[in-house]
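Colleague: build me a structure from this.
(2 chains)
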Protein chains: 2
Amino acid sequence: MIQPIPRSIFFISDGTGITAETMGHSLLTQFEGVRLKQVRVPFVNTQEKAQECLAHIQAVTRQDGVRPIVLSTLVDPQLNAIINEADALCLNFFDTFIRPLEVELGVKAIHRIGRTHGDTDSNDYKQRIEAINYTLAHDDGVTNQGLAEADVILVGVSRCGKTPTSLYLAMQFGIKAANFPLIPEDFERMHLPEALTTHRSKLFGLTIQPERLHQIRSERRPNSKYAALENCRYEVREAEKMMRIAGIHWLDSSTKSIEEISTTIMQEVKLDRVTY
Amino acid sequence: MIQPIPRSIFFISDGTGITAETMGHSLLTQFEGVRLKQVRVPFVNTQEKAQECLAHIQAVTRQDGVRPIVLSTLVDPQLNAIINEADALCLNFFDTFIRPLEVELGVKAIHRIGRTHGDTDSNDYKQRIEAINYTLAHDDGVTNQGLAEADVILVGVSRCGKTPTSLYLAMQFGIKAANFPLIPEDFERMHLPEALTTHRSKLFGLTIQPERLHQIRSERRPNSKYAALENCRYEVREAEKMMRIAGIHWLDSSTKSIEEISTTIMQEVKLDRVTY
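Modeller: Below is the predicted model:
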């Protein structure tokens, strides 16, 4: 029997709600077996919207028969006051942390809303978009042009996670990440793709357990030579040999999320994030 | 004269540090004119690494001549105790919020490390990767195949922000987002691309101020007809006309970040996030 989920958690923000959600998910990973209905309420940036949101919370409380949890990142004290009227456990991120920071920095917080994910005129933002465009244009070895501009160049066998990782690096850290597949022709020559040899210091490898690769490739092309376990074993072995000879650092992506892979690469290549 | 930045802020985590950083950046947007050296220390998941991290903080304190700020998401009380020895303002996210949640939920937190961005076996994670692959394979109208699978299909003139927005929707929310450019040939026929007409309910438009479009396109192809302000005005006017006739909702991306655009689309199309 599936357990009913009678309790709700609200992520309330005057902006996108991404900070509130990120925090909320982190907290919930610490409560095993607890499932909550997650309700995101972004752009609560006027008193009217705060009142609407309050009504929404109250309705859910009545419906659930138990008070919900409210995790908010509202910065405006008036909007906060409205939400705090809810019959709920209200946790406010800014309320909790702003005060000690004000004291420490000797500066008053501005309490201006919707700033976290909103400044599109900043150089940081422009660089981030540029990194995304760069990464897309240099996915899967489609071009040898402009590799000098790359912050990092990922290599590895097809479907080992290069593309999602490259995109995450660009999106999250503003890193220009090109990626090149290592393919059977490279293994026959036992030589890195020619275009990469002048960028040795930027290369970083991904590898994967053959069984996992077989599984991933089988979803895409079932019963192909490409997906065959035997072939996956061959490709992974040869790719690792090639990276070893070339002195390329690598990591095994088999059980790592793109966030973990990306963060590890940043550390290993000693990359600093380009944008904040 | 550029102001020196003598003070540091550490983002310390037993996992990727992404939650700590996201929170930290949100907090810092509330302190205008305050710049801090940001130091990310991920994967602090053993006592040895915590000791190393402590030594790092202490060294920075001596170097800066002022105590740093430490924002951590460590969940292990022993690791926390080590970091708390630092001569710093230590703010611990979990310490602060876990306790009230434990009381509210009547469940003990597990304090197990590195869980937030690490579960690659979950269906959620697989769906998210699938959404990224789908979105890449359906970027810029490259194929009419498989549009029935899309959660949303973005339309708009070239360079109005469709691609980064689609990728963000996939990466953050697990949304399968296809995107199609509206091009001069469509305007001449005053008709949506044929492939889209059967998916009317999934369409969402992006538009942009012609001046902004001119600026973006000029960076890419300076002095081209494509980038000319006159042409940008024409394309934007025709695209908006076409969307109006087709009854497609749209938003102006000119001053919005991809986070804001994506969150707004989720609201407008009444999409729920697919993954957490």
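
Colleague: when you work out contacts or count neighbours from here on, use the C-alpha atoms and nothing else.
Modeller: Noted.

Colleague: now do the SS call for A:Pro181.
Modeller: Following DSSP: H, G, I helix; E, B strand; the rest coil, A:Pro181 is assigned to strand.

Colleague: what helix or strand does A:Thr22 sit in?
Modeller: helix A:18-28 (DSSP states H and E).

Colleague: do that helix and chain B meet?
Modeller: Yes - with Cα under 8 Å from any Cα of the partner chain as the criterion, chain B is reached by helix A:18-28 at A:19, A:22-23, A:25-27.

Colleague: if I look at the residue nearest to A:Asp64 when sequence neighbours are not counted, how far off is A:Arg67?
Modeller: Counting by Cα to Cα, 6 or more residues apart in numbering or on different chains, A:Pro6 is the residue found nearest to A:Asp64 once chain neighbours are left out, at 5.2 Å. Between A:Pro6 and A:Arg67 the computed distance is 10 Å (Cα to Cα, to the nearest Å).

Colleague: of these two, who's got more company?
Modeller: Neighbours per residue (other Cα atoms under 10 Å in any protein chain shown) separate A:Pro6 from A:Arg67, with A:Arg67 holding more: 21 against 16.

Colleague: ok, that one - contacts?
Modeller: Each residue near A:Arg67 by Cα atoms under 8 Å, 6 or more residues apart in numbering or on different chains is listed here: A:7-8, A:61, A:87-89.

Colleague: looking at those, spot the one nearest A:Thr165.
Modeller: Distance ranking of the contacts of A:Arg67 against A:Thr165, using Cα to Cα, places A:Ser8 first at 32.7 Å.

Colleague: from chain B, how far out is A:Ile183?
Modeller: Computed as Cα to the nearest Cα, to the nearest Å, the A:Ile183 to chain B distance reads 20 Å.

Colleague: no no, A:Tyr234
Modeller: Taking Cα to the nearest Cα as the criterion, A:Tyr234 is separated from chain B by 24 Å.

Colleague: with A:Phe11 instead?
Modeller: A:Phe11 is 13 Å from chain B, by Cα to the nearest Cα.

Colleague: quick one: which helix or strand includes that residue?
Modeller: strand A:8-12.

Colleague: and A:Leu79, by the same measure?
Modeller: Assigned by DSSP H and E, A:Leu79 belongs to helix A:77-84.

Colleague: do I have it right that A:Gln38 meets A:Pro6?
Modeller: No - with contact defined as Cα atoms under 8 Å, A:Gln38 does not reach A:Pro6; the gap is 11.2 Å.

Colleague: give me the common contacts of those two.
Modeller: Taking Cα under 8 Å, 6+ apart as the contact rule, A:Gln38 and A:Pro6 touch no residue in common.

Colleague: contacting residues around A:His191?
Modeller: For A:His191, the contact set (Cα under 8 Å, 6+ apart) comprises A:Met242.

Colleague: give me the three-state assignment for it.
Modeller: Put simply, A:His191 is coil when judged by three-state DSSP.

Colleague: look up how far B:Arg244 lies from A:Leu71.
Modeller: In this view, A:Leu71 and B:Arg244 are 38 Å apart by Cα to Cα.

Colleague: ignore the last one, A:Ile113
Modeller: To B:Arg244, A:Ile113 is 32 Å away according to Cα to Cα.

Colleague: what residues does stretch A:164-178 touch?
Modeller: By Cα under 8 Å, 6+ apart, stretch A:164-178 touches A:124, A:127-132, A:134-136, A:138-141, A:147, A:149-154, A:179, A:258-259, A:261-262, A:273-276, B:129, B:132-133, B:168, B:171.

Colleague: could you rerun that using 6 Å?
Modeller: Stretch A:164-178 is contacted from outside by A:128, A:131-132, A:135, A:138-139, A:150-153, A:258, A:262, A:273-275, using Cα atoms under 6 Å, 6 or more residues apart in numbering or on different chains.

Colleague: which one of A:Ile113 and B:Arg244 has more residues nearby?
Modeller: Taking neighbours as other Cα under 10 Å, A:Ile113 and B:Arg244 compare with A:Ile113 leading, 20 against 13.

Colleague: how about the residues of the stretch 51-200 of chain A near chain B?
Modeller: Selection of the stretch 51-200 of chain A residues close to chain B by Cα under 6 Å from any Cα of the partner chain yields A:109-111, A:116, A:118, A:120.

Colleague: may I see the PyMOL selection of the buried members of these?
Modeller: Only the buried entries of those go into this PyMOL selection, using 16 or more other Cα atoms under 10 Å in any protein chain shown:
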select buried, chain A and resi 109+111+116+118
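
Colleague: wait, which of the residues of helix A:18-28 next to chain B is closest to A:Gln78?
Modeller: Closest approach to A:Gln78 among the residues of helix A:18-28 next to chain B (Cα to Cα): A:Thr19, at 20.2 Å.

Colleague: relative to B:Lys37, how far out is that closest one?
Modeller: 21 Å.

Colleague: in a helix, A:Thr96, correct?
Modeller: Yes - applying three-state DSSP, one finds A:Thr96 inside a helix.

Colleague: before we move on, back to that, which of A:Thr19 and B:Lys37 has more neighbours?
Modeller: For A:Thr19 versus B:Lys37, neighbours defined as other Cα under 10 Å are more numerous around A:Thr19 (25 against 12).

Colleague: in the stretch 151-276 of chain A, which spans are strands?
Modeller: Counting by DSSP state E, counting those that start in this stretch, the segments of the stretch 151-276 of chain A that form strands are A:152-157, A:177-182, A:203-207, A:250-252.

Colleague: hmm, who's touching the shortest one?
Modeller: To tie it back to what came earlier, the one meant is strand A:250-252. Defining contact as Cα under 6 Å, 6+ apart, one finds that strand A:250-252 is touched by A:204-208.

Colleague: that one: how far from the chain's middle?
Modeller: Its chain's average C-alpha position is 19 Å from that of strand A:250-252, according to Cα atoms, centre = their mean, to the nearest Å.
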